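Enquirer: Give the three-dimensional model of this entry:
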Amino acid sequence: MTIDTKDFLNSILASLSRIDYVKPEDLPNIDLYMDQVTTFMDSQLASAKRYPEDKVLTKTMINNYAKNNLLPPPVKKKYTKEHVLTLIFIYYFKNILSISDLQRILNPITEKHFASDSDLGLEDIYSEVFSLEHDEVSHLAKDITRIFNVSFDTFADAPEDEKEFLHTFSFICMLSFDVFVKKMMIEKIIDELPKNDPREKEKAEKKEKKQKRTE
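Expert: Sure thing, here's the model as predicted:
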């Protein structure tokens with residue numbers, strides 16, 4: 001079966017244009033139980049799922065995030081707007097970053113800006129960051145079109161019955177290289193951040209308490 005390159009590219013760009021994020025005004029104004037959180041996340045981020053049966057968030061995931069100090073504990077088994085915002089950040093980061101990397105970048109945010117009465121709250125940070133999304137999607141669409149055109153000009157001398165797959169393979173390789181390089185850059189930036197290991201912080205606090213008891 002021969003791929004219509006124009007239709008193929010248009011299909012890819014259409015899927016890119018459907019990428020959306022949870023708008024601040026769509027966030028719940030009431031605290032939610034865990035079941036309500038998973039339902040909310042699944043409905044709001046449905047367009048990001050690869051397959052309809054995929055789960056955006058599960059109870060096990062939430063418990064693991066809390067266990068790894070990524071998510072502050074719920075208040076009387078309920079999750080606030082700030083909890084939901086933290087889970088959204090985790091959702092976007094988790095496929096490219098390790099738990100330890102997530103801790104390095106999210107712990108300073110939750111420690112300083114999680115409280116709803118903060119001068120610069122988590123919702124303010126979320127709104128500022130995600131307001132850049134529209135322009136960034138436009139830039140990405142242009143770059144993907146460029147990569148697509150380059151990759152479909154490769155293997156000019158290949159047998160006709162092999163060109164289609166080789167063109168697609170080239171396209172995948174070029175996109176993957178872009179992801180690989182950006183992931184390396186992100187990891188390098190994280191490695192330069194000040195250490196903020198919650199386990200070390202906990203040890204320091206225990207040591208301080210022990211010293212006070214012996215004084």
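
Enquirer: Next, name the residue at the spatial heart of this protein.
Expert: By C-alpha atoms, centre = their mean, the mean C-alpha position of the chain lies nearest to residue 92, the distance being 1.1 Å.

Enquirer: Correct me if wrong, but it is in a strand.
Expert: No. Residue 92 sits outside any strand when classified using DSSP: H, G, I helix; E, B strand; the rest coil, being helix.

Enquirer: Contact partners for residue 92?
Expert: Listed by C-beta atoms under 8 Å, 6 or more residues apart in numbering, residue 92 has no contact partners. Every residue, glycine included, has its C-beta placed from N, CA and C.

Enquirer: my read: residue 90 touches residue 66, true?
Expert: No. With contact defined as C-beta atoms under 8 Å, residue 90 does not reach residue 66; the gap is 11.0 Å.

Enquirer: what about these two, which has more around it?
Expert: residue 90 (19 against 14; other C-beta atoms under 10 Å).

Enquirer: rewinding a little: roughly how far does the residue nearest to the centre of the chain sit from residue 164?
Expert: Distance, residue 92 to residue 164, using C-beta to C-beta, to the nearest Å: 33 Å.

Enquirer: With residue 76 instead?
Expert: According to C-beta to C-beta, residue 76 stands 58 Å off from residue 164.

Enquirer: now swap in residue 52 and tell me
Expert: When C-beta to C-beta is applied, the distance between residue 52 and residue 164 equals 28 Å.

Enquirer: biggest helix in this protein by residues?
Expert: Taking DSSP state H as the criterion, the chain has its longest helix at helix 160-191.

Enquirer: What about residue 152, how many residues nearby?
Expert: Using other C-beta under 10 Å, residue 152 has 19 other residues around it.

Enquirer: what do you get for residue 140?
Expert: Using other C-beta under 10 Å, the number of residues around residue 140 comes to 14.
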